[in-house]
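Peer 1: okay, sequence plus prediction incoming.
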Amino acid sequence: MQHWSRGVPPFSPFLFARWLTSRSSCSKLFVGGLSYDTNESVLKNAFEQHGEIIEVRVICHHVSGKSKGYGFVKFASETAANTALKEMNGQLLDGRNIRIEYAHKG
């Protein structure tokens with residue numbers, strides 16, 4: 001049973017917020033091939049020249065605390081993330097060539 005006027009569903013703040021959250025994933029980058037010695041401050045310093053950074057995470061093993069060799073960088077804008085992806089992919093960081101991709105929820 002539809003109660004929509006002109007075939008348009010009613011506005012839902014929850015769905016709108018969910019849509020905005022999913023769109024922001026274009027501003028989050030996956031960074032692979034990290035040296036096991038690369039920490040979050042090194043990663044942030046390498047990427048901050050491309051724009052404002054909201055969050056940096058190096059993923060570590062839950063028991064040993066050692067880096068798993070990958071992390072994430074989230075930018076304030078999609079433009080900054082796109083620039084960083086283009087300019088940083090394949091570059092040397094702490095002696096390793098890193099690979100950059102857009103992070104996907106999954």
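Peer 2: Happy to help now that I have it.
Peer 1: and the residue nearest the centre of the chain, how far is that from residue 56?
Peer 2: Nearest to the geometric centre of the chain sits residue 28, at 1.8 Å (C-alpha atoms, centre = their mean). Applying C-beta to C-beta, to the nearest Å, the value for residue 28 to residue 56 is 11 Å. For the C-beta atoms, the positions are set from N, CA and C on the backbone; glycine is no exception.
Peer 1: any residues in contact with both of the two?
Peer 2: Common neighbours of residue 28 and residue 56 (criterion: C-beta atoms under 8 Å, 6 or more residues apart in numbering): 72-74.
Peer 1: of the residues you listed - the most surrounded one?
Peer 2: Counting neighbours by other C-beta atoms under 10 Å, residue 73 comes out on top of the shared contacts of residue 28 and residue 56 with 29 neighbours.
Peer 1: beta partners for that one?
Peer 2: residue 29, residue 56 (DSSP bridges).
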